[in-house]
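Student: let's see this in three dimensions:
(2 chains)
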2 protein chains.
Amino acid sequence: MSLLKNSRIGGVLLDITGVLKDGGIAIPGSVEAVRKLREAGLAVKLVTNETQITRRTMVSCLVNLGYSVQEQDIVPPCPALISLLQHENLRPHLLVHPNVLPEFEAIDQSNPNCVVLGDAGDNFTYENLNKAFRILINMEKPRLFSLGQGRYYSDSESLMLDVGVFTAALEYAADVKAEIIGKPQPEFFRSALRDMGVVPEEAVMVGDDVVSDVGGAQNCGLTGVLVRTGKYRPVDEKHPTVHPDAIVDDLAHAVNLILKSRK
Amino acid sequence: MSLLKNSRIGGVLLDITGVLKDGGIAIPGSVEAVRKLREAGLAVKLVTNETQITRRTMVSCLVNLGYSVQEQDIVPPCPALISLLQHENLRPHLLVHPNVLPEFEAIDQSNPNCVVLGDAGDNFTYENLNKAFRILINMEKPRLFSLGQGRYYSDSESLMLDVGVFTAALEYAADVKAEIIGKPQPEFFRSALRDMGVVPEEAVMVGDDVVSDVGGAQNCGLTGVLVRTGKYRPVDEKHPTVHPDAIVDDLAHAVNLILKSRK
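Tutor: Residues are numbered from 1 along each chain as shown, chains lettered A, B, ... in the order given. Below is the predicted model of the structure:
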């Protein structure tokens, strides 16, 4: 096994879906791998674009799978978006999964002046997309926020369309450019690193999305490792613009590589 | 009223939705306007990207509104697509409106090797989009056909998302470029003109879609007239790339202009 070029690794960011778990099942070796990272004294954060469940539900789900995690270990896009909405006095029309509506309870949603898209799943109906579109097209300066820009993710049995697809749809319909909150937005990676007290040059991101995880992290100066689990497809290794610092079979192999690369 | 630069007009192409009718109602003056075109000896074809109903249903709908039309007067995208599918031995997975499924009865749809999107309306569910996506992503060379690329249309009460929006969604998801059948595809305008025996330089297109109707027609050498009915919005008059040869209140005004412009 070759080593990563980065020998000063102090912190590791991990994607959740497709790296720690696939559907409701832990990916073999991943529980042990996270434990090894912590035992080696590395800071670990789970950066996810997951917006179908709350942070609390994600913690119980991971704990049930054998992971030792707490809410503050998880960095999802919702808190960053809510802080932005409050800061700019924005009143969102939400097209998100019903499970995450409670996160927006404190936000005024009357007379909306922006549209927010999350991974709404089955809530992406023609009717709901029409509603969001009509709000955008009637704004003088439409503002569309998207919680991530993923194309698809793996849900144990099959690939599922992700929020980025419906963002592309509304961008085309209303002739607007969405503002992305979540991976691969640089600020999203940076805020996770600030929480850990680690600079980008001393951090590694491990993910199954060659663009959002690996490319996004590399753009911020992190080392980016692609795993061959989750939504990974062989064609990802020939991506025209993103060249991962390493491509490994799974998180267990990624962690071995990270630990061996440290001086 | 100024005249069109084109004084040799021999044929007129008309959009249906937003020009002849809006929802289930004839646009005032349009029935009389079509009659005047025919009385003046001009060839008339109705070119539409409508894929929610069959050509036969469209004829009864227009006749009920007072128009004198027959099936051969209407040029929809479905027949062009079906001819292409047969010619290239393509077996489509159809994501279209249930009303138009009968048009595809003669086409083998087993073991699909392409995906066809029409204006599926409420059939644009998360589940159906996932199905179409999974077929595309599993093809070595994905082929996606779209019956038009409209952003939205007006349905008497409100704006409705059109097929182009869901085409943009699947293009993003599967990283593929769709092949468009219908306006603004040049061959679509040309085939309508061939049927009429009129060359592009002697033809006018009247529509409410500044890009698909007016821009598409102008790209083929036709004169393009925009009407302020249907989905028209004032911002369309400032379109960055499409500059209509004339902008008029409705089809009645367009027809007056066409008839006065002839030498």
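Student: quick one: distance of the worst-scoring helix or strand of chain A on mean pLDDT to the chain centre.
Tutor: Every helix and strand of chain A was ranked by mean pLDDT, DSSP states H and E. The lowest is strand A:152-155, at a mean of 88. With Cα atoms, centre = their mean, to the nearest Å as the basis, strand A:152-155 stands 12 Å off its chain's centre.
Student: same question, stretch A:111-130
Tutor: 19 Å.
Student: list the buried residues of it.
Tutor: By neighbour count on 16 or more other Cβ atoms under 10 Å in any protein chain shown, the buried set for stretch A:111-130 is A:112-121, A:123-124, A:126, A:129-130. (Glycine included, C-beta is placed from N, CA and C.)
Student: pull the most distant pair out of these.
Tutor: Using Cβ to Cβ, the pair of the buried residues of stretch A:111-130 lying farthest apart is A:Asn113 and A:Gly121, separated by 25.5 Å.
Student: what residues does chain A have near chain B?
Tutor: Contact residues, chain A versus chain B (Cβ under 8 Å from any Cβ of the partner chain): A:120-127, A:129-130, A:133-134, A:137, A:151-152, A:158-161, A:164-166, A:168-175.
Student: hmm, back to that, quick one: which of the buried residues of stretch A:111-130 sit in strands?
Tutor: A:114-117 (DSSP state E).
Student: return the distance of the helix or strand containing A:Ile258 from the chain's centre.
Tutor: Using DSSP states H and E, A:Ile258 sits within helix A:251-261. From the chain centre to the centre of helix A:251-261 is a distance of 21 Å (Cα atoms, centre = their mean).
Student: pLDDT score assigned to A:Met1?
Tutor: For A:Met1, the model assigns a pLDDT of 54.
Student: against which helices or strands is the helix holding A:Ile258 packed?
Tutor: helix A:30-39, strand A:203-207, strand A:223-227, strand A:246-248 (3 or more Cβ pairs under 8 Å, 6 or more residues apart in numbering or on different chains; DSSP states H and E).
Student: hang on, the earlier thing: could you single out the nearest of the buried residues of stretch A:111-130 to B:Asp108?
Tutor: Among the buried residues of stretch A:111-130, and counting by Cβ to Cβ, the member closest to B:Asp108 is A:Tyr126, at 28.2 Å.
Student: against B:Asn130, how distant is the closest one?
Tutor: 14 Å (Cβ to Cβ, to the nearest Å).
Student: again, but for A:Leu42
Tutor: A:Leu42 is 37 Å from B:Asn130, by Cβ to Cβ.
Student: quick revisit: and the helices and strands packed on helix A:251-261, which is most packed in?
Tutor: strand A:203-207 (a mean of 30; mean count of other Cβ atoms under 10 Å in any protein chain shown).
Student: hang on, the earlier thing: export the ones in strands among the buried residues of stretch A:111-130 to TSV and append columns for pLDDT.
Tutor: Formatted as TSV, those follow (pLDDT from 0 to 100):
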residue	pLDDT
A:Cys114	98
A:Val115	98
A:Val116	98
A:Leu117	98
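Student: of those, closest to B:Gly11?
Tutor: For those, the nearest to B:Gly11 is A:Val115 (42.8 Å; Cβ to Cβ).
Student: rewinding a little: show me what the least confident helix or strand of chain A is packed up against.
Tutor: So strand A:152-155, by 3+ Cβ pairs under 8 Å, 6+ apart, packs with strand A:158-161.
Student: what packs against the strand it packs on?
Tutor: Partner elements for strand A:158-161 (3+ Cβ pairs under 8 Å, 6+ apart): strand A:152-155, helix B:126-137.
Student: worst mean pLDDT among those?
Tutor: Taking mean pLDDT as the measure, strand A:152-155 is lowest among those, coming in at a mean of 88.
Student: dump the residue contacts of A:Gly23.
Tutor: If you count contacts by Cβ atoms under 8 Å, 6 or more residues apart in numbering or on different chains, A:Gly23 has them with A:154-157.
Student: got the residues you listed as JSON lines, with distance to B:Thr17 columns?
Tutor: Listed next are these as JSON lines, based on distance: Cβ to Cβ, whole Å:
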{"residue": "A:Ser154", "distance to B:Thr17": "40"}
{"residue": "A:Asp155", "distance to B:Thr17": "38"}
{"residue": "A:Ser156", "distance to B:Thr17": "43"}
{"residue": "A:Glu157", "distance to B:Thr17": "40"}
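Student: about what we covered before: let's have the helices and strands packed on strand A:158-161 in a markdown table, adding distance to A:Glu201.
Tutor: Shown next, in a markdown table, are these (distance: least, Cβ to Cβ, whole Å):
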| stretch | distance to A:Glu201 |
| --- | --- |
| strand A:152-155 | 29 |
| helix B:126-137 | 35 |
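Student: nearest to B:Ala26, out of the ones you listed?
Tutor: helix B:126-137 (32.9 Å).
Student: count the neighbours of A:Leu251 for me.
Tutor: 30 (other Cβ atoms under 10 Å in any protein chain shown).
Student: please tell me how far it sits from A:Ile258.
Tutor: Counting by Cβ to Cβ, the gap from A:Leu251 to A:Ile258 is 10 Å.
Student: check A:His239 too.
Tutor: The value you get for A:His239 to A:Ile258, if Cβ to Cβ is used, is 22 Å.
Student: what do you get for A:Val206?
Tutor: Counting by Cβ to Cβ, the gap from A:Val206 to A:Ile258 is 8 Å.
Student: any common contacting residues for the two?
Tutor: A:12, A:225.
Student: spell out the residue ranges of the helices in chain A.
Tutor: A:30-39, A:55-64, A:77-87, A:126-137, A:163-174, A:186-196, A:216-219, A:251-261 (DSSP state H).
Student: among those helices, which is the most enclosed?
Tutor: Buried most deeply of those, by mean count of other Cβ under 10 Å, is helix A:163-174, with a mean of 25.
Student: beta partners for the residue nearest to A:Asn130 when sequence neighbours are not counted?
Tutor: Excluding its sequence neighbours, the residue lying closest to A:Asn130 (Cβ to Cβ, 6 or more residues apart in numbering or on different chains) is B:Leu161, at 5.5 Å. Beta bridges link B:Leu161 to B:Tyr152, judged by DSSP bridges.
Student: looks like B:Leu161 contacts B:Asp155 (just checking).
Tutor: No - with contacts counted by Cβ atoms under 8 Å, B:Leu161 stays clear of B:Asp155, the gap being 10.5 Å.
Student: stretch A:226-244: end-to-end distance?
Tutor: 6 Å (Cα to Cα, to the nearest Å).
Student: now do it, average pLDDT.
Tutor: 96.
Student: now that stretch, how far from the centre of its chain.
Tutor: With Cα atoms, centre = their mean, you get 16 Å for stretch A:226-244.
Student: buried sites along that stretch?
Tutor: A:226-227, A:229-232, A:236, A:242, A:244.
Student: no further questions, thank you.
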